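> sequence plus predicted model, see below.
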Amino acid sequence: MRLLRRQLFALPLAMAAGGASAQTGWIVVPGADNSFLVDMPGTPVYKVIDTTTPTGTAFVYHSYSLEYRRLSFVAQTALYPAEVDVARPRINLQMALDDRAQRLQGNKWTQVDWRQVQGATAVESIGPIASGSALRQLSLLKGRRFVSLGYLAPADAMRAPEAERFFRSLRLLA
């Protein structure tokens with residue numbers, strides 16, 4: 001049984017560097033391979049991030065990032081290779097949480113909520129980062145498809161209308 005031990009979640013903690021500024025108006029952003037749709041407050045920067053499993057099998061993350069006022073949004077997806085054991089999605093998602101927690105103040109999430117989202121095992125989490133900001137993320141695994149939404153903003157904006165719209169807009173397609 002091979003689990004993906006090192007979950008690369010390419011959401012930079014300082015997304016301001018290299019992000020695109022939003023155009024006016026929200027748009028629907030389609031994920032790679034028609035995997036999902038999500039609303040963003042402008043046109044994101046699209047990047048393909050090459051990575052490998054612990055045994056060296058190559059695969060990619062598709063990343064869509066956007067800066068909007070004092071808020072940062074990112075949506076990512078990857079199709080895990082066959083060698084990655086996805087039979088117990090909660091284990092894979094916990095590894096992603098643990099990896100990201102190493103970059104949070106205090107190395108831990110302040111809120112973690114496990115649930116089902118459109119038939120997929122999912123976890124939403126919030127944690128503090130430097131300078132009074134916080135990271136909110138929703139990660140899910142449906143079959144081999146990993147999807148993650150990340151939102152970086154001042155700590156008092158974790159439930160801002162823009163954040164709520166972004167997270168509620170996720171529609172899984174494949």
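Alright, I've got the coordinates. Residues are numbered from 1 along each chain as shown.

> what's the spacing between the spatially most central residue of the chain and residue 83?
Centroid check for the chain by C-alpha atoms, centre = their mean gives residue 148 as the closest residue, at 2.7 Å. To residue 83, residue 148 is 20 Å away according to C-beta to C-beta, to the nearest Å. Any C-beta I mention is one placed from the backbone N, CA and C, and that applies to glycine too.

> if we can go back for a sec, check whether the residue nearest to the centre of the chain really touches residue 76, as I assumed.
Yes - proximity of residue 148 to residue 76 meets the contact threshold set by C-beta atoms under 8 Å, at 4.8 Å.

> parallel or antiparallel, which strands does the host helix or strand of residue 76 pair with?
According to DSSP states H and E, residue 76 maps onto strand 71-79. Paired strands of strand 71-79, with direction, are strand 58-68 (antiparallel), strand 145-154 (antiparallel) (DSSP bridges).

> which element is encountered next along the chain beyond the lengthiest helix in the chain?
Secondary structure of the chain per DSSP state H: the longest helix is helix 89-101. Per DSSP H and E, helix 89-101 leads on to strand 111-117 as the next helix or strand towards the C-terminus.
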